[in-house]
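Participant: below are the sequence and a predicted model for it; my questions follow.
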Amino acid sequence: MKNYTKIKDISNLSEIIKDAILLKMNPFEFEDLGKHKTLVMLFFNSSLRTRLSTEKAAKNLGMEVMILNVNDAWNLEFEDGTIMNVDKSEHIKEAARVISQYADIIAVRAFPTLQDKAKDESEYILNNFKKYATVPIVNMESATAHPLQALADAITITELAEKVKPKVVLSWAPHPKALPQAVANSFIEMMQDLEVDLTITHPEGYELNEIITKDTSINYNQDEALKDADFVYVKNWSSYKDYGKVNNQDKNWMMTKAKLGHAKFMHCLPVRRNVVVEDTVLDSQQSVVIKQANNRTYAAQIVLKQILEAL
Amino acid sequence: MKNYTKIKDISNLSEIIKDAILLKMNPFEFEDLGKHKTLVMLFFNSSLRTRLSTEKAAKNLGMEVMILNVNDAWNLEFEDGTIMNVDKSEHIKEAARVISQYADIIAVRAFPTLQDKAKDESEYILNNFKKYATVPIVNMESATAHPLQALADAITITELAEKVKPKVVLSWAPHPKALPQAVANSFIEMMQDLEVDLTITHPEGYELNEIITKDTSINYNQDEALKDADFVYVKNWSSYKDYGKVNNQDKNWMMTKAKLGHAKFMHCLPVRRNVVVEDTVLDSQQSVVIKQANNRTYAAQIVLKQILEAL
Amino acid sequence: MKNYTKIKDISNLSEIIKDAILLKMNPFEFEDLGKHKTLVMLFFNSSLRTRLSTEKAAKNLGMEVMILNVNDAWNLEFEDGTIMNVDKSEHIKEAARVISQYADIIAVRAFPTLQDKAKDESEYILNNFKKYATVPIVNMESATAHPLQALADAITITELAEKVKPKVVLSWAPHPKALPQAVANSFIEMMQDLEVDLTITHPEGYELNEIITKDTSINYNQDEALKDADFVYVKNWSSYKDYGKVNNQDKNWMMTKAKLGHAKFMHCLPVRRNVVVEDTVLDSQQSVVIKQANNRTYAAQIVLKQILEAL
C-alpha cells in the first residue's frame, strides 16, 4: 500500500481484514517492522479514538510517534501563486516537504468546513499533503472520508457476521449539530466492496453524494429498510444537498430497541445517547460499538504495516 | 494493587515506601515489567509535575505512554438516562470502555468545581472512570484527593526523619486564589497511616472534612501547633465549610524562618513565594520541596509497578 | 558540550559539522547513547520544525522525550524577592530545579516580547533556566538567538559549498508582522566562525545589534551586496533600533530570481511566498530550504550527542 487516503487504496479487502484479525490476536508480532521509522500525526481537528488507536497501532509496530496539534500559529496556505502578506505564514509546499523529512509516514486529520462544498470536496488539505509530501499519507478523517473507521467497521462485521451475506443498513439519525458526511461516505464505499447486502435509509433531503451511493438502494422508509437487518449502522450527517445544514431533527429517526429487532447495533462514536440511539440499545448485548472502537487499533495497524512493507 | 484512587488503596504502606526508595536507587530495574503495556494519561486540568513525573515513572518501567489533554471538543456526560441534545458529545460509559481498550492503565486528573460541594465529593469523574473502565485507574489529583502527592510526601518524610515518630504539622497558608482541599486531605490520610505525630493548624472557618480529620488534633494557634515540629507541611486550601470561598488572606499565616524553627519545610509545589512562605525558608537547607518533587517519580513508579504486577 | 544556548558554546565548529554530516549518513549509530536519558522540551511558544526535528534527534539517540507546551496555567515568576500574590503561580527557582529531576537535558523555546528590549536582551527565561537548572540547557530559539538553526545553516553551507571560502549574503526581506532578530543574530555569529565571506544587507534603520555585527560588512545597497554571492540567506527581522517596530515593508527588498543570480537560496522557514521571496526562487533548484530543514535534525542530534557524552 502506498497511501491510505480513501477506500480505493485497498486492493485486497478480504486479505487485509483477515490479517487485521490475526494482528489482534498477536499485536506485537511485527514490532520490529517499524523500528527506526517515525509516524508524524498532524491534527487540524481534535481527536480521541483516532488519536489513541493510531498512536497505539504505530507503537505496536515498533514505530516512533510524533504528534502535532496544529493551532492558529501555523496557518497554512494551500493556493498557488498567492502573495502571502495576510494571515498565512507557511505554504503547504514547504510544510509537507519539510515534515516528510522527519517522518516515514504522515497521518493527517482535517475536517470539512461544511460551508464551502466545492472546497471540501477538493480535499485540499489532504490532497495537498499527498501532492507535496515525499512519504506516504494516511487519512485520519478528511473532509469527505474516514477510511480508517470504515476499515474497522468492515473488520467488525466480518468478525461478527453469522451468515454469508449479512444485511447491513446505514440509518441516519438526528443530531443537534452539523456533522460531516465522511463516516457515512466511507462506510458505504467500504460495504460496496464487502460481501454484504447494503441499504441506506434517511429522510428525504439527506441524500449523500450520488457518485458514492449510485449502486446502493436507498429507502426513505426506515421501518422497511430495517426489516431483517443483521447490522444496523446508525449515523448522523448534515445535509449534503443543502450543504452543511441541519434541516431535520425528527426524533422518530432515533434508533430504538424495537426498531433494531435482532440486528447488531453499530456506531463510530462518540454517540449522543437518547438522541441518536436509546440507552437500551447501547446498554444491550446487541451493541457492538465498543468492539468497533477496539478494531480501530487493528485497522490502523494493518494499514501502517502494509505501508511500512511497501516503503 | 488494583487501582490507586485513594490512600486506602495502599495495603502495606511501609513496604511500598521501602520499595519506592529502592526504585530510586535503581529506577530501571523493572524496565521489562511494562513492556507492551500502555499508560493513557487523561488531563481534564493542566499539569506540570504530575504529568512529567508520572510519564517518567511509566517509561522507567518500560511502558508506552499516551497523553490526552481533554479539551472542550470532548465534553463528557456523566449522568444516566439524559437526553444528550445540548453540549455533551459522549457518555462516560462509552469513553471509559473505549479508552480501556487502548490502555492497560488509565491515569486521570480532574479538579473540583469548588462551587458544587456535593458534586465534587461524589468524585463523579474519577469514580465514573473507575466504574466503567475495564482497566485500573490511577488518580493524578481528583476533586478531593491527591494520593500520588501524599505518597511522595510519605516517602520524603521516611527518608528524612531523624527520629522514630517525628512531629508533623500541616499548616494552612494564605493564597489569593481558591485552591482545592485535595492535597491537604490526602496528606492527612497518609500521615494517619504513617508512624508520625500529626497536628493540623489553620484559621477558624478553614476546617477540612471532619470524616478525614476526626482522629487528628487541630490547633487554631499556629505558634503552638508548630512547637518542636520536625516537618512542617504548608499548604493553602479554600474554605470547605463556606465551600470554595477565600475568606481569609491573613498574612500572619505565611510560613517564616522564625516560625519554622528547626523543622524541615515541605510543600507540594507550585508555591507562591512571600505569600505562602518566605524566600528565606525556600532558599534554606531546611526546605525539602525539591526532594519531595523528585519523589513524585518514585511514588508514581511504585504504584504503577504494583498495578502492573497485579494485572 | 555543557549547554547549547549560544553559538559560543561550540568549541570546534568544523569538527561538529563533520560529525553532524556523518550522523546524517547513519542516524541510529549512537542509539545506545541516550538509553535511560530523558529530554524535556519546554515550549513557551509554538513550534513545528524545531519541535519535530529536535524530538526526532533525541529519539535517534535512544532518548526518551517529554514535551510540555507551557500555557497560561503555568505563569512563571523570574524576579527575585517578589511577593507572588498576583498572577504568577511558580518561581523559576523551583520550576527549573524540579524539572531538572525529571530530565537529563532541558530544551527551552521562549521568544522575545519585542517590546521591552532590555528584558529581551537579558534572556531572562533562558538564562534563568540555565542558572537554576541542574542539567544542561538547549536553546530552541530564545529572545535573541536560534543557535540550532544556525548550526543547521552551517552544516548546509558546508555540504553545498563549491569553493573554499564562499560568499554568503544575509539579505533582509519585508514581512507584515514583527519578527525577532534571533535567526539573523545567530546566523551572523555562526558565519563569523565559518570559513566564509559574509556580507549583510538591509535598509537603513534595520541595523542589528552592533556587538554582533561589528566585524561584518554591512551594505545598504542590496544589488551591490548580492554581487557574486554563492549563498543568499533571506530573512526578515523587525527593527532593532526602533525596537520591535515594522517601519519598512518595501517590496523591492523581496528576493527574486534575477537578484539571486547563481547563488543558492536559504531561509529558515516558515517563509511567506511572494512577500519574502518569489515563487520562482523557492520552486527552483537553487532553493536549498528543504535541505536546511532536514539538517535541523542532525544539528540537534550532534548537540544532544555532545551533551550526553559530557554528562
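Facilitator: Sure thing, it's come through. Numbers count the residues shown, from 1 in each chain, chains lettered A, B, ... in the order given.
Participant: and the residue of chain A nearest chain B?
Facilitator: Nearest to chain B in chain A, going by C-beta to the nearest C-beta, is residue A:270, at a distance of 3.4 Å. To be clear about C-beta, it is placed using only N, CA and C from the backbone, and glycine gets the same treatment.
Participant: surely that residue meets residue B:94?
Facilitator: Yes - because the distance of 6.8 Å satisfies C-beta atoms under 8 Å, residue A:270 is recorded as touching residue B:94.
Participant: quick one: the helices in chain A, in order.
Facilitator: Using DSSP state H, the helices of chain A run over A:13-25, A:49-60, A:92-102, A:117-121, A:124-132, A:147-160, A:182-193, A:210-213, A:222-226, A:257-260, A:279-282, A:289-310.
Participant: which of the residues in the third one are buried?
Facilitator: When burial is assessed from 16 or more other C-beta atoms under 10 Å in any protein chain shown, helix A:92-102 yields the following buried residues: A:92-102.
Participant: turn those residues into a markdown table, including pLDDT.
Facilitator: Below are the buried residues of helix A:92-102 laid out as a markdown table (pLDDT from 0 to 100):
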| residue | pLDDT |
| --- | --- |
| A:92 | 96 |
| A:93 | 97 |
| A:94 | 97 |
| A:95 | 97 |
| A:96 | 97 |
| A:97 | 98 |
| A:98 | 98 |
| A:99 | 98 |
| A:100 | 98 |
| A:101 | 98 |
| A:102 | 98 |
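Participant: which ones among the residues you listed also lie next to chain C?
Facilitator: For chain C, the contacts drawn from the buried residues of helix A:92-102 by C-beta under 8 Å from any C-beta of the partner chain are A:93-95, A:97-99, A:101-102.
Participant: distance to residue C:262 for the residues you listed - can I get that in CSV?
Facilitator: Putting those into CSV (distance: C-beta to C-beta, whole Å) gives the following:
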residue, distance to residue C:262
A:93, 23
A:94, 23
A:95, 28
A:97, 23
A:98, 25
A:99, 30
A:101, 26
A:102, 30
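Participant: which residues sit against stretch A:64-83?
Facilitator: Residues from elsewhere that reach stretch A:64-83 (C-beta atoms under 8 Å, 6 or more residues apart in numbering or on different chains): A:34, A:37-44, A:46, A:51, A:55, A:58-59, A:84, A:87-92, A:95, A:102-103, A:124-125, A:128, C:45-46, C:48, C:51-52, C:55-56, C:59, C:270, C:273-275, C:279.
Participant: what pLDDT, on average, does it get?
Facilitator: Stretch A:64-83 shows a mean pLDDT of 89 in the predicted model.
Participant: put the alpha carbons of it into PDB.
Facilitator: The C-alpha coordinates for stretch A:64-83 follow below in PDB (Å, rounded to 0.1, in the frame of the first residue of the first chain):
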ATOM      1  CA  GLU A  64       8.200   6.200  16.900                       C
ATOM      2  CA  VAL A  65       5.300   8.600  17.000                       C
ATOM      3  CA  MET A  66       5.400  12.400  16.900                       C
ATOM      4  CA  ILE A  67       2.100  14.300  17.400                       C
ATOM      5  CA  LEU A  68       1.400  17.800  16.300                       C
ATOM      6  CA  ASN A  69      -1.800  19.600  17.200                       C
ATOM      7  CA  VAL A  70      -1.900  22.300  14.600                       C
ATOM      8  CA  ASN A  71      -3.100  25.600  16.000                       C
ATOM      9  CA  ASP A  72      -3.600  29.100  14.800                       C
ATOM     10  CA  ALA A  73       0.100  29.800  15.000                       C
ATOM     11  CA  TRP A  74       0.600  27.600  11.900                       C
ATOM     12  CA  ASN A  75      -1.800  28.800   9.300                       C
ATOM     13  CA  LEU A  76      -1.100  27.100   6.100                       C
ATOM     14  CA  GLU A  77      -1.500  28.500   2.600                       C
ATOM     15  CA  PHE A  78      -2.800  26.000   0.000                       C
ATOM     16  CA  GLU A  79      -3.300  28.200  -3.000                       C
ATOM     17  CA  ASP A  80      -0.700  28.600  -5.700                       C
ATOM     18  CA  GLY A  81       0.800  31.900  -6.500                       C
ATOM     19  CA  THR A  82      -0.700  34.000  -3.700                       C
ATOM     20  CA  ILE A  83       1.100  36.900  -2.100                       C
END
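Participant: neighbours around residue A:250, how many?
Facilitator: 11 (other C-beta atoms under 10 Å in any protein chain shown).
Participant: now do the contacts for it.
Facilitator: A:174, A:203.
Participant: next: residue A:60.
Facilitator: Contacts of residue A:60 (C-beta under 8 Å, 6+ apart): A:23, A:27-28, A:30-31, A:297, A:301.
Participant: surely residue A:287 meets residue A:269?
Facilitator: No - the criterion here is C-beta under 8 Å, and residue A:287 misses it with residue A:269 at 10.7 Å.
Participant: neighbours around the closest residue to residue A:306 other than its chain neighbours, how many?
Facilitator: Excluding the flanking residues, the one nearest residue A:306 by C-beta to C-beta, 6 or more residues apart in numbering or on different chains is residue A:1, at 3.9 Å. Look at residue A:1: counted by other C-beta under 10 Å, it has 19 neighbours.
Participant: how about the contacts made by residue A:1?
Facilitator: Residue A:1 makes contacts with A:9-11, A:136, A:303, A:306-307, A:310, as judged by C-beta under 8 Å, 6+ apart.
Participant: give me that answer again for 10 Å
Facilitator: Taking C-beta atoms under 10 Å, 6 or more residues apart in numbering or on different chains, we find residue A:1 in contact with A:9-12, A:16, A:136, A:138, A:302-310.
Participant: relative to residue A:33, how far out is it?
Facilitator: Separation of residue A:1 from residue A:33 (C-beta to C-beta, to the nearest Å): 13 Å.
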